[in-house]
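Chemist: After the sequence you'll find the predicted model.
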Protein chains: 2
Amino acid sequence: MNEFELIARLTKSLPTNQSVLAGAGDDCAVLDFGAPDKLLLFKTDAVVEGIHFTKDTPPEKIGHKALGRCLSDIAAMAGTPTAALVTLGLPKGFEPEFIGKIYDGMSALAKKYGVAIVGGETTANPERIFISVALLGTVKRGKQILRSGAKVGDAIFVTGDLGGSPAGKHLEFEPRLAEARWLAEHFLIHAMIDLSDGLAGDLRHILKASDVGAELLKTAVPISRAAKLQARTGTPAKPAFAAALTDGEDFELLFTVAGGDAVKLLDAWKKTFHGLRLSCIGKIVAGGGVTIRDKNGARTLDDHGYVHFT
Amino acid sequence: MNEFELIARLTKSLPTNQSVLAGAGDDCAVLDFGAPDKLLLFKTDAVVEGIHFTKDTPPEKIGHKALGRCLSDIAAMAGTPTAALVTLGLPKGFEPEFIGKIYDGMSALAKKYGVAIVGGETTANPERIFISVALLGTVKRGKQILRSGAKVGDAIFVTGDLGGSPAGKHLEFEPRLAEARWLAEHFLIHAMIDLSDGLAGDLRHILKASDVGAELLKTAVPISRAAKLQARTGTPAKPAFAAALTDGEDFELLFTVAGGDAVKLLDAWKKTFHGLRLSCIGKIVAGGGVTIRDKNGARTLDDHGYVHFT
């Protein structure tokens, strides 16, 4: 039983109530707390020593990643983050100085995006550092963007460059908060997700939630320099395109808009965000699953995110 | 550096914003999200295998405890819990069936109190189960009860019986949600906290936040049967009064009201809550620290919650 199977089992019949507009299965829960113009976004995420960072990771970057992952999920709903709580599991003989620097990294990122850190909890976790962040945000009522709105004929877009994140970006990424809010304000975004599992996995989340399929144009997928470098020098050398599909932790935005909006969106984006590439990588089609098209034709992406090109 | 010293250091200069009415240092954070009549309560808490439960603990009780601890913190603010997120750190070779039953325990308690479980996150934590719960609640605007409102002359009350929780109650306690809301509705509660660290420690949190002291009447402190049994049969035998002061995890309410309200409150309580004892255990005094009074006079409780009686 993998992570997704377990989650599917655990979340099958969870208790709910009338405050819940979207529960398990999207980037954030969406809740109605009676504010006239706003809905609440609610998210938790954890980073664990030896899994998401190592003993050698600079502590400020651990803090950046711990909070940044949650911020990226708020971005995926076109929301604004507001307040965070931090739960720390601390191993035996932890160094307070090191923990303090983790907090420094979190605080710096929190300040940048106007997020308050409103407390938390420490407990023992004898073998390793475990950091769970709970984050609240808001979104204009009716402006939240779910995974489930993709429609046949939509253009599929992705921000930034993909792949190679384990080489460094996973500790230094910038959550795409401003970009996501700009998108929601200026265009009718049908579905959006942040790329944490990798393009192949996260696109499938949108497809499954929206009950559609996707066709990607291989040459249109933006590949990072880190992924290309790794393809040349890595051991084993992972093809750069495979890295872009499956490396994960890109923390870029993946979203769909009506095909007719695509050119206008690309033009407006270029005038607004000079430092960040936006790529149209394919289209939403009927059916399910992901097809990759290149000069040799179209092939199906398998369930593990792999596709075998010549 | 102990837990409280580390927290004091980490929370010294946290980023804040205008949504924050109370941040680190109370039972919950209190946030203003623009609902006309309500404020938001926000809390996280974690339970860890080997620390808060053992490999032999029935999984439903683990789930009950994990959510119950957060519910008890919402109760301490006189709030109503609404929605929870669950972060699971899972060891190698975990049993899905066991994890499912942890969720059953959480779900049963959530349903009882109308709480939605709106998702969560699973990650690896190779050596042990780590469960972090994030909980949202609401409280009527202006009706939140902080730790900082105790006044000289206040009567100090506690619900239930104290001590001996490690013998079983820590896995089965009932969060005092209805009782706390009733208190806030019918009386002007000056300060409130839930008993997680033990009477001695948690009373100090109120005293410190309110800049006052307390005098407790030894014979008035309600001692549980479990604490008395343990005093007779435990190895080593811990005096029952010491257990009531320091065992922790009672998850009862500790609160103060104006001395003039004390008798009226006790009368009204008895008519409303038949199954749960309410005890007036002492009074708030000027100065700081805790004094224990018995037939031999008054003695100071030391920093570790210990007092040496003859």
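Modeler: Yes, it's here.
Chemist: State whether residue A:72 is indeed within a helix.
Modeler: Yes - assessed with DSSP: H, G, I helix; E, B strand; the rest coil, residue A:72 lies in a helix.
Chemist: And for it, the neighbour number?
Modeler: Residues lying near residue A:72 (other CB atoms under 10 Å in any protein chain shown) number 28. No exception for glycine: its C-beta is placed from N, CA and C like everyone else's.
Chemist: and it, what is it in contact with?
Modeler: Neighbour list for residue A:72: A:173, A:175, A:176, A:194, A:196, A:251 [criterion: CB atoms under 8 Å, 6 or more residues apart in numbering or on different chains].
Chemist: Same question for residue A:25.
Modeler: Contacts of residue A:25 by CB under 8 Å, 6+ apart are A:11, A:147, A:209, B:119.
Chemist: what about 7 Å?
Modeler: A:11, B:119 (CB atoms under 7 Å, 6 or more residues apart in numbering or on different chains).
Chemist: same thing with residue A:40?
Modeler: By CB under 7 Å, 6+ apart, residue A:40 lies in contact with A:31, A:33, A:136, A:138, B:33.
Chemist: Mind listing the strands the helix or strand containing the fourth one pairs with, and their directions?
Modeler: According to DSSP states H and E, residue A:138 maps onto strand A:130-140. Using DSSP bridges, the strands paired with strand A:130-140 are strand A:38-48 (antiparallel), strand A:80-90 (antiparallel).
Chemist: Dump those to CSV, plus mean pLDDT and distance to residue A:17.
Modeler: Below are these laid out as CSV (pLDDT from 0 to 100; distance: least, CB to CB, whole Å):
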stretch, mean pLDDT, distance to residue A:17
strand A:38-48, 97, 13
strand A:80-90, 97, 21
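Chemist: residue farthest from the centroid of chain A?
Modeler: Here chain A reaches farthest from its C-alpha mean at residue A:93, the gap being 33.4 Å by CA atoms, centre = their mean.
Chemist: Please tell me how far the spatially most central residue of chain A sits from chain B.
Modeler: For chain A, residue A:194 is the residue whose C-alpha lies nearest the centre (CA atoms, centre = their mean; 2.5 Å). Remark: distance between residue A:194 and chain B (CB to the nearest CB, to the nearest Å) = 14 Å.
Chemist: now do residue A:181
Modeler: Using CB to the nearest CB, one obtains 17 Å as the distance from residue A:181 to chain B.
Chemist: And residue A:223, by the same measure?
Modeler: Residue A:223 is 28 Å from chain B, by CB to the nearest CB.
Chemist: Check residue A:282 too.
Modeler: Note on residue A:282: its distance to chain B, by CB to the nearest CB, is 28 Å.
Chemist: Which strand residues bridge that residue?
Modeler: Using DSSP bridges, the beta-bridge partners of residue A:282 come out as residue A:156, residue A:216.
Chemist: my guess is it contacts residue A:218, does it?
Modeler: No - assessed by CB atoms under 7 Å, residue A:282 is found out of contact with residue A:218, at 9.3 Å.
Chemist: Surely residue A:55 is in a helix?
Modeler: No - secondary structure of residue A:55, determined by three-state DSSP: coil, with no helix assignment.
Chemist: so which strand or helix has residue A:192?
Modeler: strand A:189-194.
Chemist: List, one by one, the residues from the stretch 101-250 of chain A near chain B.
Modeler: Selection of the stretch 101-250 of chain A residues close to chain B by CB under 7 Å from any CB of the partner chain yields A:103, A:107, A:110-111, A:114-125, A:127, A:130, A:132, A:134, A:136, A:138.
Chemist: Which of those residues fall within helices?
Modeler: Of these, the ones assigned to helices by DSSP state H are A:103, A:107, A:110, A:111.
Chemist: which among the residues you listed gets closest to residue B:233?
Modeler: For these, the residue nearest residue B:233 by CB to CB is residue A:103; the value is 44.7 Å.
Chemist: what's near enough to touch that closest one?
Modeler: Contacts for residue A:103 (CB under 7 Å, 6+ apart) come out as A:63, B:10.
Chemist: Just the pLDDT for it.
Modeler: Looking at residue A:103, its pLDDT is 95.
Chemist: Dump the strand holding residue A:192 to PDB, restricted to CA.
Modeler: Extracted C-alpha coordinates of strand A:189-194, given in PDB (Å, rounded to 0.1, in the frame of the first residue of the first chain):
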ATOM      1  CA  ILE A 189      -8.300  29.500 -14.400                       C
ATOM      2  CA  HIS A 190     -10.100  26.200 -14.500                       C
ATOM      3  CA  ALA A 191      -7.800  24.000 -12.400                       C
ATOM      4  CA  MET A 192      -4.500  24.500 -10.600                       C
ATOM      5  CA  ILE A 193      -2.100  22.500  -8.500                       C
ATOM      6  CA  ASP A 194       1.500  23.100  -7.300                       C
END
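Chemist: next helix or strand past it?
Modeler: Using DSSP H and E, the helix or strand that follows strand A:189-194 in sequence is helix A:199-210.
Chemist: low-scoring pLDDT stretches of the stretch 1-150 of chain A, where are they?
Modeler: A:1-4 (pLDDT under 70).
Chemist: Go through stretch A:97-116 and flag the buried ones.
Modeler: By neighbour count with 16 or more other CB atoms under 10 Å in any protein chain shown, stretch A:97-116 contains the buried residues A:99, A:101-107, A:109-110, A:113, A:115-116.
Chemist: export stretch A:81-89 as CSV, just CAs?
Modeler: Extracted in CSV, the C-alpha atoms of stretch A:81-89 (Å, rounded to 0.1, in the frame of the first residue of the first chain):
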residue,chain,number,x,y,z
PRO,A,81,-1.4,33.0,3.5
THR,A,82,-2.0,34.5,6.9
ALA,A,83,-1.0,32.5,10.0
ALA,A,84,1.1,29.5,10.7
LEU,A,85,1.7,27.1,13.6
VAL,A,86,4.8,25.0,13.9
THR,A,87,5.1,21.6,15.5
LEU,A,88,8.6,20.5,16.2
GLY,A,89,9.6,16.9,17.0
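Chemist: Help me confirm that the residue farthest from the centre of chain A is found in a strand?
Modeler: No - read with three-state DSSP, residue A:93 is coil and lies in no strand.
Chemist: Residue A:268: neighbour count?
Modeler: With other CB under 10 Å as criterion, residue A:268 counts 16.
Chemist: what helix or strand is it on?
Modeler: helix A:262-272.
Chemist: Tell me what angle that helix forms with strand A:189-194.
Modeler: 50 degrees (axes from the mean of the first three to the mean of the last three CA atoms, to 10 degrees).
Chemist: Output the contacts of residue A:40 as CSV; include the columns neighbour count and distance to residue B:54.
Modeler: CSV is the format used below for the contacts of residue A:40 (neighbours: other CB atoms under 10 Å in any protein chain shown; distance: CB to CB, whole Å):
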residue, neighbour count, distance to residue B:54
A:31, 23, 35
A:33, 21, 38
A:136, 29, 33
A:138, 22, 41
B:33, 21, 39
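Chemist: just those now: which is nearest residue B:50?
Modeler: Nearest to residue B:50 out of those is residue A:136 (CB to CB; 30.7 Å).
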